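K.L.:
Predicted structure and sequence below. I'll ask about it afterward.
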Amino acid sequence: MAGLNLRFTDEELDALRERAAAEGRSMQTFAHDAVMAAINEHSRLFDEAADHVLKASAELNKRLA
């Protein structure tokens, strides 16, 4: 499995450590899950925007076909 090194300020690392501990997870697991959630959210927002555009332009697309 591939890895990734991330750099944090001391304050950021402290915040990560505290948040992960508060949730009973390792910093690595917490950071991994946060990155994956951001990726999934971006994909969801893109899909919603694409659906909106397709619905909004459906009538025009019918007339142009």
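P.N.:
Received, thanks.
K.L.:
low pLDDT regions in the protein?
P.N.:
Across the chain, not a single residue meets the criterion (pLDDT under 70).
K.L.:
list the helices and strands the helix ranked longest in it packs on?
P.N.:
Determined from DSSP state H, the single longest helix within the chain is helix 27-56. For helix 27-56, the packing partners by 3 or more Cβ pairs under 8 Å, 6 or more residues apart in numbering; DSSP states H and E come out as helix 10-22. Yep, even glycine has a C-beta here, placed from its N, CA and C like the rest.
K.L.:
which other residues reach the helix it packs on?
P.N.:
Contacts to helix 10-22, defined as Cβ atoms under 8 Å, 6 or more residues apart in numbering, come from residues 8, 26-27, 29-31.
K.L.:
Mind listing what's buried along it?
P.N.:
Using 16 or more other Cβ atoms under 10 Å as the test for burial, helix 10-22 gives 16, 20.
K.L.:
do the same with stretch 31-39
P.N.:
For stretch 31-39, by 16+ other Cβ under 10 Å, it's Ala31.
K.L.:
Noted, bye for now.
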